[in-house]
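K.L.:
Provide a 3D model corresponding to the input given below.
(2 chains)
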There are 2 protein chains.
Amino acid sequence: MRQTIRRDRLIGPGDRIVIGLSGGADSVTLSVLLPPVAREVGAEVVALAHLNHGLRAAADEDQRFCAEFAARLGLPFETEAADVRALARERRTSIEDAGRIARYAFLRRVMAGRAATRIAVAHNRNDQAETVLLRLFRGAGPKGLASIHPVAGPVIRPMLDVRRAAIDAFVEAEGIAFREDATNRDVTIPRNRVRHELLPYLAEHVGEGIVDVLARQAVIAREDADWLEQAATESARSLVLEEETGVSVDVRGLRELHPAIARRVIQIGCGLLETATPRLPAQGRSAESKRGRRFIGFDHVDAVLKLAAGAGLEGAGGTTGAETIDLPGLRVKHSRGRLFFEPRPSDPGRAGRRRGRPPRV
Amino acid sequence: MRQTIRRDRLIGPGDRIVIGLSGGADSVTLSVLLPPVAREVGAEVVALAHLNHGLRAAADEDQRFCAEFAARLGLPFETEAADVRALARERRTSIEDAGRIARYAFLRRVMAGRAATRIAVAHNRNDQAETVLLRLFRGAGPKGLASIHPVAGPVIRPMLDVRRAAIDAFVEAEGIAFREDATNRDVTIPRNRVRHELLPYLAEHVGEGIVDVLARQAVIAREDADWLEQAATESARSLVLEEETGVSVDVRGLRELHPAIARRVIQIGCGLLETATPRLPAQGRSAESKRGRRFIGFDHVDAVLKLAAGAGLEGAGGTTGAETIDLPGLRVKHSRGRLFFEPRPSDPGRAGRRRGRPPRV
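P.N.:
Here you go, the predicted model:
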């Protein structure tokens, strides 16, 4: 944990840290280990923060456990209750997504209230490996493979290089109590299937080191994505225009780009549209919900590239005279040498169907 | 197949094509379908070429089958026998690797003998998806995820966008005979485990489209790797020196690079060493064997980056005063502001052990 903190400069002198505490082995371990490590670098843990998701019968017991745990550590405790089920309905997203959104919103409120500078959460290396696989299966491309970042705004993940086995061994050896989340065992949740079925299978048949290999893959993918993103942002600066009615991209310039960069310029175009027209196609969603709901996958980008290339370059298997294609939440038009990205009314039924959506894991 | 040929410009007017024929459903299908498609673009299939690997009891029957099959199609047939087991021993590589090396060497001989310009092999989209997973588990990084290329020198893969199910349906519907390879069912071979266990599991739990998703991932990874490679080659031009005794890299310049590019400059350095000193560390190996045996994985590159960064940047978990590290087949020394890449005597027992090798699938 010290190595990760130093390498990725997670905390520095004067930092005030809020720790997200679910009550599970991971966040309990983080809450025990981070305060002394923080002090070493002149930083301070100022609160443990627990969101009551109200989803499980045991939710209130979880909350009591966390309050007592914080008291034993001598740390301030903050808690709130959220109606995650209602939020999921309202945002038309999954319970898991809604929980994540509610959790980070709560942690940011605690951070503001405590004049804190960092939010520490307890993702570990196994979470990272699971995310790599989930994103790969979803067709998320290299940016997706980058998976969980050690730093994302004020959020830091000091345990991202720690294997779950080490955490389990720690709580066992130290006799530290924690809460088991029964839903962790529910393999109808994709992450749990990866955790309890796929990764153990790979550990047996590929090698015990599979979690490390996948986590390293995430690091490389993050570096690559970062560099490619820089190059694409540079290109987008001259090719992408933000206009009253939407966003447009110069087709000739786009066609001259290397495909690796062209793809990203299109992603940037889609992203700008989401920012430029905040009330369309869905109201007030955060970056998290955008990622969860309006996923522009690489087959969508492919469709836009084909639209830019024009019908002339299509194969014999299917020519297209299409001047317009629909993607989740937006419409792309090829007209007068430009691609116009425009919002369209939310229509989840049709979104992405034309070109086939990648399977959602 | 037509679409793939057109999109990736696999064949053009005047091309003379040798098809690699194992006798399996894939290569039998390719041999039936490619000749008419080639004629459409003014190219010609000039021979079917079968290498007798001498590994299976049925090898001679396979060979007879292929000869008769070629005769029925009215195409010239070439065959040769190889001692793949002996080659594997000699090269200290796996039977699968040795078979691949022998096969491509044979196909190149046939190409030369027939004054051909292309070698067509029957890899399909499932092979592609399997390779993506195998490379991911091996920790091969984005270049590895690029997996099977539709064009590699004279080798072309016209069926790379065709799913295995489509091929099976085709031979079934057309009543085309083919040979089953019993070793295909041997799940101690990593690829077969991926084929017969992992991908069916993913198709069931992630979605039927998993093969398509992984194949698309390979396309994106190929584009990204290509662009990153271009950028790194540009940087390497000013930082990497080929010298009498090996290859060296300017450390200050390397440290100023984005990590995504720095990693690749190191890979380029390792690659130059292999080219510059062709008789060390292993004699006369081809690109294939190099990839198979002297795999410089991203943990090796990490070790070199740390060596360049110097002991001062190491974490508390383990400082290193090391000025020298050993990688598979080569030694890297940090001295006088440069990293020196030098060949070292072949020593498979120690190779890569220092930093731990990624698991081999």
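
K.L.:
residue A:252: neighbour count?
P.N.:
The number of residues packed near residue A:252 is 10, by other CB atoms under 10 Å in any protein chain shown. From N, CA and C alone the C-beta is placed, and that goes for glycine too.

K.L.:
quick check, it in contact with residue A:337.
P.N.:
Yes. Contact status for residue A:252 versus residue A:337: in contact at 6.4 Å, counting by CB atoms under 8 Å.

K.L.:
next, the distance between the ends of stretch A:182-192.
P.N.:
Chord length of stretch A:182-192, first to last residue, is 11 Å (CA to CA, to the nearest Å).

K.L.:
pull the residues that contact that stretch.
P.N.:
Outside stretch A:182-192, the residues within contact range by CB atoms under 8 Å, 6 or more residues apart in numbering or on different chains are A:55, A:56, A:58, A:96, A:130, A:134, A:193, A:195, A:196, A:197, A:361, B:206.

K.L.:
which residues touch residue A:344?
P.N.:
Remark: with contacts taken as CB under 8 Å, 6+ apart, residue A:344 is in contact with A:281, A:326, A:329, A:330, A:331.

K.L.:
any chance of those residues in CSV, with neighbour count, distance to residue A:31 and pLDDT too?
P.N.:
What follows is the contacts of residue A:344, written out as CSV (neighbours: other CB atoms under 10 Å in any protein chain shown; distance: CB to CB, whole Å; pLDDT from 0 to 100):
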residue, neighbour count, distance to residue A:31, pLDDT
A:281, 21, 40, 36
A:326, 18, 47, 89
A:329, 25, 39, 83
A:330, 24, 42, 87
A:331, 17, 48, 90
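
K.L.:
residues of the stretch 1-150 of chain A that sit close to chain B?
P.N.:
A:2, A:3, A:6, A:7, A:136, A:137, A:138, A:139, A:141, A:142 (CB under 8 Å from any CB of the partner chain).

K.L.:
count of neighbours near the fifth one?
P.N.:
Applying the criterion other CB under 10 Å, we find 26 residues in the vicinity of residue A:136.

K.L.:
I'd guessed it sits against residue B:216; true?
P.N.:
No. Residue A:136 is not in contact with residue B:216 according to CB under 8 Å; the separation is 10.9 Å.

K.L.:
sorry, back to before: any of the residues of the stretch 1-150 of chain A next to chain B buried? List them.
P.N.:
Buried by 16 or more other CB atoms under 10 Å in any protein chain shown: A:6, A:136, A:137, A:138, A:139, A:141, A:142, out of those.

K.L.:
what does the helix or strand hosting the third one rub up against?
P.N.:
Which is residue A:137. Mapping residue A:137 onto the secondary structure by DSSP states H and E places it in helix A:125-138. Surrounding helix A:125-138, the residues in contact under the criterion CB under 8 Å, 6+ apart are A:144-145, A:147-148, A:159-164, A:190-191, A:194-195, A:198-199, A:210-212, A:214-215, A:217-218, A:221, A:295, A:297, A:358-361, B:136, B:202, B:206-207, B:210, B:213-214, B:217.

K.L.:
buried subset of those?
P.N.:
Buried members of those, scored by 16+ other CB under 10 Å, are A:144-145, A:147-148, A:159-164, A:190-191, A:194-195, A:198-199, A:210-212, A:214-215, A:217-218, A:221, A:295, A:297, A:358-359, A:361, B:136, B:202, B:206-207, B:210, B:213-214, B:217.

K.L.:
restricted to helices, list those.
P.N.:
Members of these lying in helices (criterion: DSSP state H): A:144-145, A:164, A:190-191, A:199, A:210-212, A:214-215, A:217-218, A:221, B:136, B:202, B:210, B:213-214, B:217.

K.L.:
closest to residue B:173 out of the contacts of residue A:344?
P.N.:
The nearest member of the contacts of residue A:344 to residue B:173, counting by CB to CB, is residue A:326 at 35.1 Å.

K.L.:
ok, the closest one to residue A:243 distance?
P.N.:
Between residue A:326 and residue A:243 the distance, using CB to CB, to the nearest Å, works out to 20 Å.

K.L.:
do the same with residue A:223
P.N.:
Going from residue A:223 to residue A:243 by CB to CB gives 34 Å.

K.L.:
higher neighbour count, the two?
P.N.:
More neighbours surround residue A:223 than the other of residue A:223 and residue A:243, with 19 against 12 (other CB under 10 Å).

K.L.:
do the host helix or strand of the more buried one and chain B meet?
P.N.:
Assigning secondary structure by DSSP H and E places residue A:223 in helix A:210-239. Yes. Remark: helix A:210-239 sits within contact range of chain B at A:210, A:213-214, A:216-217, A:220-221, A:223-224, A:226-228, A:230-231, by CB under 8 Å from any CB.

K.L.:
any idea how far residue A:199 is from chain B?
P.N.:
Applying CB to the nearest CB, to the nearest Å, the value for residue A:199 to chain B is 11 Å.

K.L.:
which ones are touching that residue?
P.N.:
Shown in contact with residue A:199 (CB under 8 Å, 6+ apart): A:126, A:129, A:130, A:133, A:210, A:211.

K.L.:
quick one, phi/psi of the residue in the stretch 201-350 of chain A positioned nearest to chain B?
P.N.:
Closest approach between the stretch 201-350 of chain A and chain B, counting by CB to the nearest CB: residue A:207, at 2.7 Å. For residue A:207, the backbone dihedrals are phi 150, psi 150 (criterion: degrees, to the nearest 10).

K.L.:
show the pLDDT at it.
P.N.:
pLDDT recorded at residue A:207 is 89.

K.L.:
between the helix or strand where residue A:169 lies and helix A:210-239, how big is the angle?
P.N.:
Under DSSP H and E, the secondary-structure element containing residue A:169 is helix A:164-174. Relative orientation of helix A:164-174 versus helix A:210-239 (axes from the mean of the first three to the mean of the last three CA atoms, to 10 degrees): 130 degrees.

K.L.:
on the pLDDT front, check the closest residue to residue A:160 other than its chain neighbours for me.
P.N.:
Taking CB to CB, 6 or more residues apart in numbering or on different chains as the measure, residue A:160 lies nearest to residue A:150, with 5.0 Å between them; neighbours along the chain are not counted. Reported pLDDT at residue A:150 in the predicted model: 93.

K.L.:
can you pull the contacts of residue A:150?
P.N.:
A:4, A:8, A:10, A:156, A:157, A:158, A:160.

K.L.:
let me know the closest of these to chain B.
P.N.:
Of all these, the one with the least separation from chain B (CB to the nearest CB) is residue A:4, at 8.3 Å.

K.L.:
for the closest one, what are its contacts?
P.N.:
Contacts of residue A:4 (CB under 8 Å, 6+ apart): A:10, A:150, A:157, A:158, A:159, A:160, A:161, A:162.

K.L.:
show me where the stretch 1-150 of chain A has its helices.
P.N.:
A:2-7, A:25-40, A:59-73, A:84-91, A:95-113, A:125-138, A:141-145 (DSSP state H, counting those that start in this stretch).

K.L.:
how about those helices, which one is nearest residue B:49?
P.N.:
helix A:125-138 (35.7 Å).

K.L.:
what angle sits between the helix or strand hosting residue A:269 and helix B:210-239?
P.N.:
With the criterion set as DSSP H and E, the secondary-structure element containing residue A:269 is helix A:259-276. Using the same axes, to 10 degrees, one finds that helix A:259-276 and helix B:210-239 are set 110 degrees apart in direction.

K.L.:
against which helices or strands is helix A:259-276 packed?
P.N.:
Using 3 or more CB pairs under 8 Å, 6 or more residues apart in numbering or on different chains; DSSP states H and E as the contact definition, the elements that helix A:259-276 packs against are helix A:210-239, strand A:240-243, strand A:246-250, helix A:251-256, helix A:298-309, strand A:338-343, helix B:210-239.

K.L.:
any chance of these in TSV, plus distance to residue B:170?
P.N.:
Supplementary listing: the helices and strands packed on helix A:259-276 in TSV, determined by distance: least, CB to CB, whole Å:
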stretch	distance to residue B:170
helix A:210-239	35
strand A:240-243	44
strand A:246-250	40
helix A:251-256	35
helix A:298-309	25
strand A:338-343	38
helix B:210-239	17
